[in-house]
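Peer 1: Have a look at this fold, sequence not included:
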C-alpha cells in the first residue's frame, strides 16, 4: 500500500474507477466550486460556440497572415512576411492551442485548463491579426489603415497574456485547481502582475519590438515614463518569477501525487522541466535583439505544452508514460555522457601523444574502447537515478523484489515480498504442479486461481498465477514486479510440489491408519458376533450337560459341541482368509486370484502364473484385486470382471476391468483407499474407463527383490 503524501488522501489500488485525488487543503474550495457549477449549469450550446469560435479564430488568423504575405509579395515587400522562418513555430503553437482548447471544452467543459488554452489560442490569433494590420497600415502602406500604430502597440505586449496563461496551465494541471490556497494566491498575484506589466507596456515610451521598432507608441505617457518603466519592470519580474513558481508547482505536485494523478503529471514533466531554461533564453534573446531565438524559444514550448496538458488530463492511461519517460531520459543522459567521454579521450590523447596519435587513429580507438567499457555501468547508474526520481513507486517495488531474489530470507516467502512490493495484503500466488496437473498454494493445498490472475511462464511452461488488485489498478507495475520475481516463483513452485507430496503422504498415512482401525474393529466385531458366541454357547451347553449327569443328554451335548466347533473353525478360517489367505502364501498371487475366481464371475489372465513376488507386493495386489472385484460386483452391476497380471521389468501391473456402469470416482473413499495401499509400497493406482465400457483399475507396483 502506497503511503499517502503529506496533505493528500490515501490512494488504494482497486479495480474500480476512482476520482482524481485532491488535496485536503482545497477540498472545501473544490466543493464550493462544484456547487456553484452545478447551480449555474453551463449551457452546452455556449461550450460549443466557444469551441467553434476558438477554431474559427485560429483559422481566421492564419488566413489573415496568408493574405498579408501575398499582398506583401505583390507590392515588393517580402521582408515583412510573417509566415516564414520561426513564424511557422507560432503557427504550430496556434494550431495546438486551438485544437486542445476546443477538445477540452467539448470533453471537459468544467475544466479551466481548456478555457486557458482557448484563451491562449485567442491571444495568439488576435496578435497575428494585429500584426498583419500593423505591418500593412504602419510599415507597408503607412497611413492606409486607421490606428495601425495602436494595433502594433497592443500586439507588442500580448506575449504577456500568453506567458500568464501558460503559468495558469501549470498551476491548474491536471486537477483544475491549484495545489493549495497558498499556490492559489501565487496564481492570483501572477495574473495581477501580468496585468500591471501589460498595462504599463501599453503606456511605455520605450521602442516597440521588431518589426515595429520605428513605430511610435500613440499611448505613451512621456511625462510619467519613469514610474511607468519602474512598474513595468516590477510587473515583469514578479510575473516571470511566479510563472517559474507555477512550473515548480508541477514538480511539488508530482512529488506529493500517487496513482493516477502521478501518471497525469508525468506527461507534463517533459514540458515543465525545460520551462525555466526557455524563459531565460527568451529573456536573453529579447534583450540582445535575437528575435529569431526569442520566437523559437517562446513558440516552441507554447506549441508543445497544450499537447502534454491534454494527454495529462484525458489520456494519461494511453501509454506506460513512466517507463517511456524514464527510458528516454536515461538514453538522453547516457548519450550525452558517452559523447563527452569520447570527445574528452580523443582530445586528451591528441594533446598528450601528438600528431602521431592522430595519424595512427590511436585516440579514436581509445575513445571507442572507453565508451564501450563505460556504457553499461553508466546506463545502470543513470537509469537507477532517473527511476528513483520519475518512477519511484516502480523503483522501490522492483528493489524490494530484486533484493529478495538475490538473497532470499528463510523466514519470508516470495508471496509476502510481492505483497509488500505492490502494497496489496490480499495478494495470493498459486503454483502449477505438472505431475499432478493442479494448482496449489505454497504449503501444498489445492487451490483454484480466480479469473484475471496474472500467469507467469518460464521456458514455455506455467510456473504460477498471481492474483492481486494491483493487476487492474497498476497492470504495468504488476507485470514488471512479477517478472522480476520469476526465478524465485519457480523455486517456490518446486517447494510447493514437494509440500503437495508431503501433504498427500500425510493424508495417505491418516487414511491408512483409519482403515487399519476400521479393519481391526471389523475383525473384533466378526469374532465377537461369530466364533466367540458359538464357543461361549458350546461351553454353556457342555457345562449344563455335565452338571445334569444324564448320559443321553451328555452324548447329545457332545455331538452338538462337535458341530459348533467345526462351524467356529470354518468361520475363523474364513476370517483368516479375509486378512491373508493361506493360498496366497502357499501358491502365490495367481493361485489366490484363481481361488477368488472359483466363487465369482471373474476371469484371471496371468502372463507368468508361477512367478512369485515379494510378500508385501503380493498381499497388496491381492487386496486391491479383491476390493476392486467386490466394488464392481456390488456397485457397478458388473456381469464379468477380468483380472490381468503381468510383469514389465521391475513393475507388476495388475488390471481389473469390468463391464459395469462405469463412472467410478477416483477420489471416492473406496478407490482412494486402494490408491493409498498402492502408494504405501511405492506404487500407483490408475482409474479410467474400461475396454468393455465399465471401469478399469490398474495398480502398478514395484516388484524388484
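Peer 2: Cool, got the structure. This one's a predicted model, so the numbers in the text were calculated from it and none came from an experiment. Residues are numbered from 1 along each chain as shown.

Peer 1: all helices of the stretch 551-700 of the chain, in order?
Peer 2: 551-579, 582-587, 589-597, 615-635, 669-680 (DSSP state H, counting those that start in this stretch).

Peer 1: wait, which of these is closest to residue 455?
Peer 2: helix 669-680 (30.2 Å; CB to CB). Yep, even glycine has a C-beta here, placed from its N, CA and C like the rest.

Peer 1: quick one: contacts of the closest one?
Peer 2: Where contact means CB atoms under 8 Å, 6 or more residues apart in numbering, the residues beyond helix 669-680 that reach it are 508, 511-512, 515, 620, 623-624, 627-628, 631, 664-666, 684-685, 687, 697, 699-701.

Peer 1: Where does the prediction get shaky in the stretch 201-350 of the chain?
Peer 2: Within the stretch 201-350 of the chain, the stretches with pLDDT under 70 are 258-305, 307-336, 338-339, 342-343, 345-350.

Peer 1: ok, now with 80
Peer 2: Within the stretch 201-350 of the chain, the stretches with pLDDT under 80 are 210, 250-251, 254-350.

Peer 1: The nearest residue to residue 589 once chain neighbours are set aside: neighbouring residues, count only.
Peer 2: The spatial neighbour of residue 589 that comes closest, neighbours along the chain excluded (CB to CB, 6 or more residues apart in numbering), is residue 618 at 4.7 Å. As a burial measure, residue 618 scores 21 neighbours (other CB atoms under 10 Å).

Peer 1: Same question for residue 250.
Peer 2: The burial count for residue 250: 24, using other CB under 10 Å.

Peer 1: which parts of the host helix or strand of it are buried?
Peer 2: According to DSSP states H and E, residue 250 maps onto helix 225-256. Neighbour-count burial for helix 225-256 flags 228, 231-232, 235-236, 238-240, 242-250, 253-254, 256 (criterion: 16 or more other CB atoms under 10 Å).

Peer 1: Please convert the helices of the stretch 551-700 of the chain to JSON lines, extending it with distance to residue 72 and mean pLDDT.
Peer 2: Formatted as JSON lines, those follow (distance: least, CB to CB, whole Å; pLDDT from 0 to 100):
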{"stretch": "helix 551-579", "distance to residue 72": "117", "mean pLDDT": "67"}
{"stretch": "helix 582-587", "distance to residue 72": "117", "mean pLDDT": "72"}
{"stretch": "helix 589-597", "distance to residue 72": "112", "mean pLDDT": "80"}
{"stretch": "helix 615-635", "distance to residue 72": "104", "mean pLDDT": "83"}
{"stretch": "helix 669-680", "distance to residue 72": "97", "mean pLDDT": "78"}
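
Peer 1: Looking at these, which is nearest to residue 114?
Peer 2: helix 669-680 (68.5 Å).

Peer 1: so the closest one versus helix 615-635, what angle?
Peer 2: 170 degrees (axes from the mean of the first three to the mean of the last three CA atoms, to 10 degrees).

Peer 1: Determine the set of other helices and strands touching the helix holding residue 250.
Peer 2: helix 148-172, helix 181-203, helix 259-272, helix 275-288 (3 or more CB pairs under 8 Å, 6 or more residues apart in numbering; DSSP states H and E).

Peer 1: Kindly recompute the last result at 6 Å.
Peer 2: Where contact means 3 or more CB pairs under 6 Å, 6 or more residues apart in numbering; DSSP states H and E, helix 225-256 is packed against helix 148-172, helix 181-203, helix 259-272.

Peer 1: what's the closest of the ones you listed to residue 54?
Peer 2: That would be helix 148-172 among the helices and strands packed on helix 225-256, by CB to CB, at 13.0 Å.

Peer 1: I figured residue 140 was touching residue 77, is that so?
Peer 2: Yes - Residue 140 is within contact range of residue 77, at 5.1 Å (criterion: CB atoms under 6 Å).

Peer 1: Compare these two and say which one has the larger neighbour count.
Peer 2: Shown here are residue 140 and residue 77; by other CB under 10 Å, residue 140 has more neighbours (20 against 16).

Peer 1: mind listing what the more buried one touches?
Peer 2: 77, 80 (CB atoms under 6 Å, 6 or more residues apart in numbering).

Peer 1: Give me the below-cutoff pLDDT ranges for the stretch 451-600 of the chain.
Peer 2: 452, 459-460, 469-477, 497, 499-587, 595-600.

Peer 1: all strands in it, in order from the N-terminus.
Peer 2: Counting by DSSP state E, counting those that start in this stretch, the stretch 451-600 of the chain has strands at residues 454-458, 461-467.

Peer 1: Deepest in the core, which of these is it.
Peer 2: Mean neighbour count (mean count of other CB atoms under 10 Å) peaks for strand 461-467 among these, with a mean of 20.

Peer 1: list the helices and strands it packs on?
Peer 2: Strand 461-467 packs on strand 428-433, strand 454-458, helix 486-529, going by 3+ CB pairs under 6 Å, 6+ apart.

Peer 1: picking that back up, could you dump the helices of the stretch 551-700 of the chain into CSV with distance to residue 128 added?
Peer 2: Conversion of these to CSV gives the following (distance: least, CB to CB, whole Å):
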stretch, distance to residue 128
helix 551-579, 107
helix 582-587, 107
helix 589-597, 103
helix 615-635, 93
helix 669-680, 86
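
Peer 1: between those, which gets nearest to residue 94?
Peer 2: Minimum separation from residue 94 across these (CB to CB) falls at helix 669-680, 78.9 Å.

Peer 1: how about that closest one: buried residues?
Peer 2: 671, 672, 673, 674, 675, 676, 677, 678, 679.

Peer 1: And the furthest pair within those residues?
Peer 2: Every pair of the buried residues of helix 669-680 checked by CB to CB; the farthest is 671 and 679, at 12.4 Å.

Peer 1: Setting aside sequence neighbours, what's the nearest residue to residue 404?
Peer 2: residue 417 (4.6 Å).

Peer 1: ah, wrong one, I meant residue 448
Peer 2: residue 439 (6.6 Å).

Peer 1: repeat for residue 218
Peer 2: The nearest residue in space to residue 218 (CB to CB, 6+ apart) is residue 149, at 4.9 Å.

Peer 1: if I look at the one you found, how far off is residue 224?
Peer 2: Counting by CB to CB, to the nearest Å, the gap from residue 149 to residue 224 is 19 Å.

Peer 1: For those two, indicate the residue with more neighbours.
Peer 2: Per other CB under 10 Å, whichever of residue 149 and residue 224 has more neighbours is residue 149, with 20 against 14.

Peer 1: Would you mind listing the residues in contact with the more buried one?
Peer 2: 138, 215, 218.

Peer 1: Export the residues you listed to a markdown table and append columns for neighbour count, distance to residue 556 and secondary structure.
Peer 2: Below are the contacts of residue 149 laid out as a markdown table (neighbours: other CB atoms under 10 Å; distance: CB to CB, whole Å; DSSP: H, G, I helix; E, B strand; the rest coil):
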| residue | neighbour count | distance to residue 556 | secondary structure |
| --- | --- | --- | --- |
| 138 | 25 | 152 | helix |
| 215 | 22 | 152 | coil |
| 218 | 11 | 153 | coil |
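
Peer 1: for those residues, which one is nearest residue 56?
Peer 2: residue 138 (26.7 Å).

Peer 1: which ones are touching that closest one?
Peer 2: 148, 149, 152, 215.

Peer 1: now the residues you listed as TSV including distance to residue 448?
Peer 2: Converted to TSV, these look like this (distance: CB to CB, whole Å):
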residue	distance to residue 448
148	81
149	82
152	77
215	81
